[in-house]
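1. The following block contains a protein sequence and its predicted model.
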Amino acid sequence: MKPNILVVDDEPVARQSLSDILKLEGYTVFAVSNGQAAVEHIRTHTVDVMIVDLKMPGMDGLEVIQVVNQTSPETEIILLTAHGSIESAMQALRLRIHDYLLKPASPPQILASVKKGLSRRASKSHTSTITNSDNAQDLYTLKDGTTVDLSRRQIKFKTKIEHLTPAEGRLLRILMENEGKVFSHRELVLLVQGYDTSQQEAPEILRPLVSRLRHKLETFPSLSEKVISVRGTGYLYEGG
């Protein structure tokens, strides 16, 4: 059965363009022009991935995400924003979205994000435990049996247990929940530490925290070298 994708955007050209890109890839695509229509559609149809615009009249993207997380927690969500707002990204990540893309996103970016969302949706029931709080994925069980409990900020492998500080736990959560996504230094400072800073200052603020987290992860074979530096940009978590 073809995956079902829902496109939510009040701009007719953007809505049509996204729909065409996805249909050409073989997906079943539904498109609606506002948040209320999106909520009504998801209440009556199975939606594997929803792509939703942040800024819409009436019910905006973040409000749609909140409702969908309650009514269809298995739906993976990609947020589109034309503003590149770090604050919006922070809000969206708290709502457990799969990804966010800056408009206009290129077809390869869109398709890659959708494929990752579908893969994540398929693997959820097999590899992870989902808690009832905000549909957050708090427990990761890795291939060798290592468990990462983000709610307790604890990593365990056989008899070895490592505890993370609140900041280390927030950093690891953001990276693991968005596997393969590159976060800039500035984004991570805001998401982890809660304040905005300049592009020049952010790497210096972040480096000691990343170093401490990596030192703790190094003692677990399946987590060693998973937090990757992207030269001149930021960091990502590389799964697999």
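-> Here it is on my side, so go on. Numbering: from 1, shown residues only.
2. Going by C-alpha atoms from here, please, whenever you check contacts or count neighbours.
-> Noted.
3. how far away is residue 80 from residue 200?
-> Distance, residue 80 to residue 200, using Cα to Cα, to the nearest Å: 26 Å.
4. ok, for residue 97, nearest residue in space, not its chain neighbours?
-> In space, and not counting its chain neighbours, residue 97 is closest to residue 77: 5.1 Å by Cα to Cα, 6 or more residues apart in numbering.
5. what about that neighbour, which SS state?
-> Assigned with DSSP: H, G, I helix; E, B strand; the rest coil, residue 77 falls in the strand class.
6. Run through the residues that contact it.
-> Each residue near residue 77 by Cα atoms under 8 Å, 6 or more residues apart in numbering is listed here: 49-52, 65, 97-99, 117.
7. In the record's domain split, what are the boundaries for this structure?
-> Per automatic domain parsing, the domain ranges recorded for the chain read 4-125, 136-237.
8. so can I have a markdown table of those domains showing mean pLDDT?
-> Listed next are the domains of the chain as a markdown table, based on pLDDT from 0 to 100:
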| stretch | mean pLDDT |
| --- | --- |
| domain 4-125 | 86 |
| domain 136-237 | 88 |
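9. Please report phi then psi for residue 204.
-> Reported as degrees, to the nearest 10, the phi and psi values for residue 204 are phi -70, psi -40.
10. Any idea how many residues pack against it?
-> Residues near residue 204, counting by other Cα atoms under 10 Å, number 11.
11. Please look at residue 28 and residue 1 and confirm they touch.
-> No. If you go by Cα atoms under 8 Å, residue 28 and residue 1 don't touch, sitting 9.3 Å apart.
12. These two: which is more packed in?
-> residue 28 (16 against 5).
13. which residues does the closest residue to that one other than its chain neighbours contact?
-> Computed as Cα to Cα, 6+ apart, the closest residue to residue 28 that is not its neighbour in sequence is residue 4, at 4.9 Å. Applying Cα under 8 Å, 6+ apart, we find residue 4 in contact with 27-30, 46-49.
14. which two in the residues you listed are spaced the farthest apart?
-> Using Cα to Cα, the contacts of residue 4 span at most 13.4 Å, a distance reached by 27 and 46.
15. about what we covered before: and for residue 28 and residue 1, which residues touch both?
-> Common neighbours of residue 28 and residue 1 (Cα under 8 Å, 6+ apart) do not exist.
16. could you say what helices and strands the longest helix seen in the chain packs with?
-> Criterion DSSP state H: the longest helix present in the chain is helix 107-127. Packing contacts for helix 107-127, counted by 3 or more Cα pairs under 8 Å, 6 or more residues apart in numbering; DSSP states H and E, involve strand 49-53, strand 76-81.
17. any idea of the angle the first one forms with strand 76-81?
-> Strand 49-53 and strand 76-81 are oriented at 20 degrees to each other (axes from the mean of the first three to the mean of the last three Cα atoms, to 10 degrees).
18. Buried residues, the helix or strand just after strand 49-53. List them.
-> Sequence-wise, the next helix or strand downstream of strand 49-53 (DSSP states H and E) is helix 61-71. For helix 61-71, a neighbour-count test (16 or more other Cα atoms under 10 Å) marks 61-62, 64-69 as buried.
19. Need these in TSV (columns: distance to residue 158).
-> Formatted as TSV, these follow (distance: Cα to Cα, whole Å):
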residue	distance to residue 158
61	43
62	40
64	42
65	38
66	38
67	39
68	38
69	34
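20. And those residues, which is closest to residue 185?
-> Minimum distance to residue 185 across those is 23.8 Å, recorded for residue 62 (Cα to Cα).
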